[in-house]
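> got a structure for you, letters missing:
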Ligand code: 5GP
Ligand code: ZN
């Protein structure tokens with residue numbers, strides 16, 4: 001097992017958890033890019049959103065059901081951004097699918 005987000009999901013690597021249910025975990029990014037920067041992951045390993053199929057897409061539903069709850073609990077009443085990076089050109093550094101929640105300030109409009 002060499003996936004750091006699987007180890008975080010198992011509790012083998014500590015993290016600051018902000019939300020958890022049977023299939024989804026959210027924790028604070030170790031290197032925050034905004035006042036609120038949370039990572040939302042499936043507890044089971046999926047390499048990236050490019051691996052989503054009819055067979056495993058339920059986890060995306062569960063993640064996106066969790067995101068508004070997390071945003072509300074973080075006080076993101078004026079909006080926020082959700083990003084998932086995919087592969088080399090997408091600048092994905094951790095190969096376990098994750099959705100960044102960024103907020104707590106007016107974010108820049110640029111996408112790249
Ligand atoms: P990516 O570039 O793959 O979309 O984002 C990976 C994110 O994971 C980065 O924002 C990075 O700061 C965060 N990260 C990497 N290692 C750890 C860790 O061990 N703990 C936490 N909480 N965040 C991490
Ligand atoms: Zn993993």
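Arrived safely, thanks for sending. Computed from a predicted model, the values in this text were never measured in an experiment. Ligands and ions are numbered 1, 2, ... in the order given.
> up against ligand 1, what does the protein have?
4, 13, 15, 27-31, 39, 85, 91-94 (CB under 6 Å from any ligand atom). Placement of C-beta: from N, CA and C, glycine included.
> kindly recompute the last result at 5 Å.
15, 29, 30, 31, 85, 92, 93, 94 (CB under 5 Å from any ligand atom).
> okay, buried residues for stretch 11-23 please.
By neighbour count on 16 or more other CB atoms under 10 Å, the buried set for stretch 11-23 is 15, 18, 19.
> what about the residues you listed, which are in strands?
Counted as lying in strands by DSSP state E, out of those, are 18, 19.
> of the buried residues of stretch 11-23, closest to ligand 2?
residue 15 (13.3 Å; CB to the ion).
> ok, now how distant is that closest one from residue 78?
26 Å (CB to CB, to the nearest Å).
> what about the strands in the chain?
Counting by DSSP E, the strands of the chain are 17-20, 24-28, 36-42, 80-83, 99-103.
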